[in-house]
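> I would like the atomic coordinates for the input below:
(4 chains)
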4 protein chains.
Amino acid sequence: MQSLGASMSTDDEDGSPRTLKTVTVATQVIEVVRERGSVGVTELAEYLDLSKSTAYIHLKTLEENGFLVQRDGAYEIAFKFFVLGEYARNRSPLYQYGKPEVDELAEETGQYTHIVTEENGHGVNLYQVKGETSISDDYQSEKPQHRDHLHYTASGKAILAYLPRERVEEIVDSYGLPARTANTITDADELFAELEAIRERGYAYNDGEEIEGFRAIGAPIRNPKGEVLGSLSVSGPASFMRDERFHEELPERVTRAANVVEVSLNMNSHA
Amino acid sequence: MQSLGASMSTDDEDGSPRTLKTVTVATQVIEVVRERGSVGVTELAEYLDLSKSTAYIHLKTLEENGFLVQRDGAYEIAFKFFVLGEYARNRSPLYQYGKPEVDELAEETGQYTHIVTEENGHGVNLYQVKGETSISDDYQSEKPQHRDHLHYTASGKAILAYLPRERVEEIVDSYGLPARTANTITDADELFAELEAIRERGYAYNDGEEIEGFRAIGAPIRNPKGEVLGSLSVSGPASFMRDERFHEELPERVTRAANVVEVSLNMNSHA
Amino acid sequence: MQSLGASMSTDDEDGSPRTLKTVTVATQVIEVVRERGSVGVTELAEYLDLSKSTAYIHLKTLEENGFLVQRDGAYEIAFKFFVLGEYARNRSPLYQYGKPEVDELAEETGQYTHIVTEENGHGVNLYQVKGETSISDDYQSEKPQHRDHLHYTASGKAILAYLPRERVEEIVDSYGLPARTANTITDADELFAELEAIRERGYAYNDGEEIEGFRAIGAPIRNPKGEVLGSLSVSGPASFMRDERFHEELPERVTRAANVVEVSLNMNSHA
Amino acid sequence: MQSLGASMSTDDEDGSPRTLKTVTVATQVIEVVRERGSVGVTELAEYLDLSKSTAYIHLKTLEENGFLVQRDGAYEIAFKFFVLGEYARNRSPLYQYGKPEVDELAEETGQYTHIVTEENGHGVNLYQVKGETSISDDYQSEKPQHRDHLHYTASGKAILAYLPRERVEEIVDSYGLPARTANTITDADELFAELEAIRERGYAYNDGEEIEGFRAIGAPIRNPKGEVLGSLSVSGPASFMRDERFHEELPERVTRAANVVEVSLNMNSHA
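Have a look, this model is predicted:
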């Protein structure tokens, strides 16, 4: 059972505090509530191996601070996260300048379009638009509520291609290269070769690497220093994305959109 | 300066712990970062009257737990909030069943339409659609990133009208009735009379009470027990919303949409 | 000649066989599979308190006879039911002559329309059409896969009103009058008064008796002998079905459709 | 625990029970009723070479278990099959994800479109839509009530092409390759050559093989493991389906629809 006593962890050589253990436990509590949808005190205590009183005080504290709400006697994730999340998104230049472009891209292609950025080695689907002929599916519409691996999406690979090699190695070490389909790249050397090819082309393909029969094209958004801020992508069934369309038209269209976003960002950074 | 020592507040009569003080301070840190956009250690220490080392360890802990990220040497709100917020929204039945209706409402009226719910006495703009003829404005597009007072919006008043009177009194006591325009209801008795009128009509008006020259109509969404889950609303410039349109057509359209959402919710609860 | 063996139950006074117990157990097996989606041998044995070998031989026999199929190691309901069900529906004159009318009714009203018949005291939703403005909901689209009580739907009450009183009493005795909403008729005397009113009007209302906020109008289909074969109905959110529309237009329209079906049936019975 | 009695057939070498003979006889009774529309006791006894008392007790048992109903003194197939069949269909992912696509396909082409799956070596027409310009005909509208041979329809051949060769041989051995028209493939070698051609093309043609002058195009739906779940098809008079339309447009349209269904299925399996 985790002890609540001292609020700082003291595992440094010199015994000096490094992080606030209580906050880390509170974070775990939030993650359990997110995983299970809603939890009660007993369930949480068992799940995290805490005493009931510790579980209770954590839930109560998170409720008082607005991160959890009680509904029908159990605790759920509060909309405070939504409000803070909207704030974070709205102040992101990638979102501000990317939104009009992916809106237009979806209208022109009729497919799903996305703005993706990287945080702590995972992809965050900051914004997506469902085109007219896109498949309606919970899998797609719920993408923004999941952090995704970066190595099996076009947007993710477009980002990885422009991160420093050591950072990519760090990400691969931390999260591995799990297979989603038979086409997913699961070998580090193969991934680095792919990232090299992406840099040469200027955009990334996903050819059934996330979902069988589903394709995507992603282009990076970089600042003048060459740092990658995220990527734009368009995704759809392979039958809509093949031949010239997959190999010429859409790459041309997506990289053009990415270029427009980059120019907007650069203009703004000089303003 | 706040002491960090004991992680629980002990201000109960009997000295028993009530909430985890460290978590409450961490929440304050998040709120400061949100208010200021990005903060450094020194700035935070001053702002919250903490020692620099305490400020530092809070920022570091929140970074390690994924709630803050460092950009250009300062701490910002991480997209983790966005990801958790999307999760919270997607699992809300009000959003699930309300979305198709407010999408349609926006297409038909050409105005902004909203799904609003209440959390801790404030309104949360869970979803909004910009209609074809809506004014493009940061004020509107950023609504979801703010918690709003309930007493000066149509959606907020539609909710207040169906909350228990004691709860409304509690909210008024906590947050007051600040004026936004000359039309805002700032007197509790007047508010209660208005809520009575809303219950009789079945929907709420906002006639320039939030923004001068801006109007809205909101209808409550209630479950079979009569509890209010939130509201739908349509909002636009007074010039688009007047005469028969404001007094008959739109109220009839908005209440019809609210009825459809209620029926979907009820069907689902019987499934 | 095939021998019947000893599989009959002999619980009659005079010891004469009444029904084939094995067939009744096989039916229970089918019902368990339907309830649970798919079952394995052990699960079934526990559920029905059978030995594993008996559970196994039942599953195998039902598989060989085409009523169950194995998928991923568990048994599921075979499409043989679907094929036989389509046959039963297609040969029903109520369906044959009712279908064009409820198709038209859905197109005109934009709402859900239904053909319902009674079997063993329950309602069967033989056919339904989703109108243009109908709510998309699994609850509605899955109606045909459920047998419904008759006392809380317009189509069900339209049927009950024209069944012999003793039959209605039998149904009430067997299945009771469970409440679905606060508006459901749960008292037998009240039900009989309602059925009397339906006979006077010639059609039945459902005013939020099945789903809160949802209404329907149903009219009986009878043969020349006065026996009720089923009913037609239209259903929608209360906001679409109110005032003159609910009290004059739709009843007029639904009874007219029912009359057309009856005339078609009668013409055919003379052919 | 329920006793199984002596109702098992004991025709195994070692005398061990294999299947429940009574259930098999009951299944034969159902099949006779289905074939003849409605039967009485005497007719059934003669037909299945049973004693009258055995015939009677089977009919009574099936009636009590809800599978048969009495109408005008004879036994008919009950709607219980319809209700269970709707259940089986609604829970089929092939139907869930296929329905929107064949709805759209029918709207675009104006022809009949179908979702077909295989069960026990036969085709089941799980869903079909009559397009605007389709011929109205009982033959078409009653397709779902018949199990079809697989070798003379486009949907059937699209399925056969992706079943393991041994399974196809088994089906051919069991049911033969009966001719429907002069164009039906009735030779096993010819069939295997055709299936090879289908795999190369990715879709199947029916060129008057089921009905003279009637054509169809069918595409398989497979899961990521390559297993075929069923097929989509469009069918119509040869005059509507010829030249470029038959050889390019429709194949391209049908395979695109099949790809979309596969992607939806795959997304769902990853969710």
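> helix, strand, or coil at the nearest residue in space to A:K80 that is not next to it in sequence?
Of all residues not flanking A:K80 in the chain, A:G66 sits nearest, at 4.5 Å (Cβ to Cβ, 6 or more residues apart in numbering or on different chains). C-beta here means a position set from N, CA and C on the backbone, and glycine is covered the same way. Using DSSP: H, G, I helix; E, B strand; the rest coil, the secondary structure recorded for A:G66 is coil.
> any idea of the pLDDT on A:G66?
Looking at A:G66, its pLDDT reads 97.
> same question for A:S9.
At A:S9, pLDDT is 46.
> A:S3 too?
34.
> repeat for A:G73
On the pLDDT scale, A:G73 gets 89.
> dump the residue contacts of it.
A:G40 (Cβ atoms under 8 Å, 6 or more residues apart in numbering or on different chains).
> and if you look at A:P100?
Per Cβ under 8 Å, 6+ apart, neighbours of A:P100: none.
> cool, and A:R242?
A:R215.
> for it, give me the pLDDT.
With respect to pLDDT, A:R242 has a value of 90.
> where's it relative to A:E210, distance?
A:R242 sits 17 Å away from A:E210 when distances are taken as Cβ to Cβ, to the nearest Å.
> measure the residue nearest to A:T42 when sequence neighbours are not counted to B:V83 for me?
Nearest residue to A:T42, sequence neighbours excluded (Cβ to Cβ, 6+ apart): A:K52, at 6.6 Å. When distance is defined by Cβ to Cβ, A:K52 is 29 Å away from B:V83.
> centroid residue for chain A?
For chain A, the residue nearest the mean C-alpha position is A:V124 (1.8 Å; Cα atoms, centre = their mean).
> where does it land on pLDDT?
On the pLDDT scale, A:V124 is placed at 97.
> and it, which of the three is it?
Applying three-state DSSP: A:V124 is strand.
> repeat for A:E210
Quick answer, by three-state DSSP: A:E210 is coil.
> for it, what are its contacts?
Here A:E210 is in contact with A:152-153, A:180-181, A:184, A:216, D:270 (Cβ under 8 Å, 6+ apart).
> of those, which is the nearest to chain C?
Lowest distance from chain C to the contacts of A:E210 (Cβ to the nearest Cβ) belongs to D:H270, with 16.9 Å.
> hmm, A:D137 and the closest one touching each other?
No. Judged on Cβ atoms under 8 Å, D:H270 makes no contact with A:D137 at a distance of 10.5 Å.
> who's more crowded, these two?
A:D137 (18 against 14; other Cβ atoms under 10 Å in any protein chain shown).
> surely that one and D:N266 touch.
No. Using Cβ under 8 Å as the test, A:D137 is too far from D:N266 to be in contact (10.1 Å).
> quick revisit: now, of the contacts of A:E210, which are buried?
Applying 16 or more other Cβ atoms under 10 Å in any protein chain shown to the contacts of A:E210, the neighbour count classes A:152-153, A:180-181, A:184, A:216 as buried.
> now narrow these to whatever sits close to chain D.
A:180-181 (Cβ under 8 Å from any Cβ of the partner chain).
> any chance of the buried ones among the contacts of A:E210 in JSON lines, plus pLDDT and secondary structure?
Converted to JSON lines, the buried ones among the contacts of A:E210 look like this (pLDDT from 0 to 100; DSSP: H, G, I helix; E, B strand; the rest coil):
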{"residue": "A:Y152", "pLDDT": "98", "secondary structure": "coil"}
{"residue": "A:T153", "pLDDT": "98", "secondary structure": "coil"}
{"residue": "A:R180", "pLDDT": "95", "secondary structure": "coil"}
{"residue": "A:T181", "pLDDT": "95", "secondary structure": "coil"}
{"residue": "A:T184", "pLDDT": "98", "secondary structure": "coil"}
{"residue": "A:A216", "pLDDT": "97", "secondary structure": "strand"}
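> about what we covered before: between A:K52 and B:V83, which one's more packed in?
Comparing A:K52 with B:V83 by other Cβ under 10 Å, the one with more neighbours is B:V83, at 23 against 12.
> now the helix or strand containing the more buried one against helix A:80-90, angle please.
Using DSSP states H and E, B:V83 maps to helix B:80-90. Between the axes of helix B:80-90 and helix A:80-90, defined by axes from the mean of the first three to the mean of the last three Cα atoms, to 10 degrees, the angle is 120 degrees.
> residue boundaries of the strands in chain A?
Along chain A, counting by DSSP state E, strands occupy A:68-71, A:74-77, A:112-119, A:122-129, A:204-207, A:214-222, A:228-237.
> give the buried residues for stretch A:185-199.
In stretch A:185-199, counting by 16+ other Cβ under 10 Å, buried: A:185-186, A:191-192, A:194-195, A:198.
> the residue nearest to A:K80 and B:R147, how far apart?
In terms of Cβ to Cβ, A:G66 sits 9 Å off from B:R147.
> what residues are shared contacts of these two?
In contact with both A:G66 and B:R147: B:E119, using Cβ under 8 Å, 6+ apart.
> the residue lying closest to A:S233 once chain neighbours are set aside bridge partners, please.
Closest residue to A:S233 apart from its sequence neighbours, by Cβ to Cβ, 6+ apart: A:G218 at 3.6 Å. Using DSSP bridges, the bridge partners assigned to A:G218 are A:A204, A:S233.
> how many residues are close by A:G218?
A:G218, neighbours per other Cβ under 10 Å, totals 29.
> and for the one 5 residues further on?
By other Cβ under 10 Å, the residues close to A:N223 number 14.
> contacting residues around it?
Neighbours of A:N223 in contact, by Cβ under 8 Å, 6+ apart: A:229, A:262, A:265-266, A:269.
> make it 7 Å
By Cβ atoms under 7 Å, 6 or more residues apart in numbering or on different chains, the contact set of A:N223 is A:229, A:265.
> same check on A:V23?
Contacts of A:V23 by Cβ under 7 Å, 6+ apart are B:22-23, B:26, B:61-62, B:65.
> hmm, 8 Å instead?
Here A:V23 is in contact with B:22-23, B:26, B:58, B:61-62, B:65 (Cβ under 8 Å, 6+ apart).
> got a winner among these for most neighbours?
Of those, with other Cβ under 10 Å as the count, B:H58 tops at 28 neighbours.
> and it, what's its pLDDT?
At B:H58, the pLDDT value in this model is 97.
> what's around the nearest residue to A:Y47 once chain neighbours are set aside, how many residues?
Distances taken as Cβ to Cβ, 6+ apart place A:V32 nearest to A:Y47, at 5.4 Å, with adjacent residues excluded. The local packing of A:V32 (other Cβ under 10 Å) involves 16 other residues.
> surely A:V32 and A:A45 touch.
No. Between A:V32 and A:A45 there is no contact under Cβ under 8 Å: 10.5 Å.
> now distance to C:D72 too, for the strands of chain A, in JSON lines please.
Formatted as JSON lines, the strands of chain A follow (distance: least, Cβ to Cβ, whole Å):
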{"stretch": "strand A:68-71", "distance to C:D72": "36"}
{"stretch": "strand A:74-77", "distance to C:D72": "33"}
{"stretch": "strand A:112-119", "distance to C:D72": "31"}
{"stretch": "strand A:122-129", "distance to C:D72": "32"}
{"stretch": "strand A:204-207", "distance to C:D72": "29"}
{"stretch": "strand A:214-222", "distance to C:D72": "24"}
{"stretch": "strand A:228-237", "distance to C:D72": "26"}
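> low-confidence regions, the stretch 1-150 of chain A specifically.
A:1-17 (pLDDT under 70).
> how close does the closest residue to chain D within the stretch 151-271 of chain A get to A:T181?
Of all residues in the stretch 151-271 of chain A, the one sitting closest to chain D is A:S239 (3.7 Å; Cβ to the nearest Cβ). Per Cβ to Cβ, A:S239 is found 17 Å from A:T181.
> please consider this matter closed, and thank you.
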